[in-house]
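Novice: predicted model and sequence follow; I will ask about them next.
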Amino acid sequence: MQKNSSIHLQEELPENWERIEGLLVMHFGQSWSGASLFTQGSVVEAIRQYPEQLCAFEINEENGKRFKERFRVTQIPTVLIFQQGRMMANFVGLFPRHKLLETIENLLHNPSDSTIEQ
């Protein structure tokens, strides 16, 4: 799958999502939630800063129950970051935008075996 510098509303992840180059960012939110809109803005800002290295998917609560169960998402908003199919970072609830950007930068420049939870 080609990298895409936009955020998509998806009901299904692509079959080969584990092989996406760079980082895959999943944003779980609700369209009526101010917190979700804030964290979505953080994801969009990350895409603007790293358009060639990020692919992002917006999964709302209405159409994403399967994904919530699969990735054990218990709170909205949640942002998960994957690298080659492996979850590398997990942000739950509101968080400072700079934390997301710092985490993405660190993962792009220093991939590691450790998972980051915020």
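Specialist: It's in.
Novice: what residues of the helix with the most length in the chain count as buried?
Specialist: Counting by DSSP state H, the longest helix found in the chain is helix 34-49. Going by neighbour count (16 or more other C-beta atoms under 10 Å), the buried part of helix 34-49 is 36, 39-40, 42-43, 46-47. From N, CA and C alone the C-beta is placed, and that goes for glycine too.
Novice: which helices and strands sit right next to it?
Specialist: strand 7-9, strand 23-29, strand 54-60, strand 78-83, helix 97-109 (3 or more C-beta pairs under 8 Å, 6 or more residues apart in numbering; DSSP states H and E).
Novice: rerun at 7 Å
Specialist: Judged by 3 or more C-beta pairs under 7 Å, 6 or more residues apart in numbering; DSSP states H and E, the packing partners of helix 34-49 are strand 7-9, strand 23-29, strand 54-60, helix 97-109.
Novice: ok, residue 39 to residue 29 distance?
Specialist: For residue 39, the distance to residue 29 equals 6 Å [C-beta to C-beta, to the nearest Å].
Novice: any common contacting residues for those two?
Specialist: residue 77 (C-beta atoms under 7 Å, 6 or more residues apart in numbering).
Novice: TSV please, covering the helices and strands packed on helix 34-49 and showing mean pLDDT, mean neighbour count and distance to residue 79.
Specialist: As requested, the helices and strands packed on helix 34-49 are exported to TSV (pLDDT from 0 to 100; neighbours: other C-beta atoms under 10 Å; distance: least, C-beta to C-beta, whole Å):
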stretch	mean pLDDT	mean neighbour count	distance to residue 79
strand 7-9	58	14	11
strand 23-29	90	23	5
strand 54-60	85	22	9
helix 97-109	93	15	7
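Novice: let me have those in a markdown table, extended by distance to residue 80.
Specialist: Output for the helices and strands packed on helix 34-49, formatted as a markdown table (distance: least, C-beta to C-beta, whole Å):
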| stretch | distance to residue 80 |
| --- | --- |
| strand 7-9 | 14 |
| strand 23-29 | 5 |
| strand 54-60 | 9 |
| helix 97-109 | 11 |
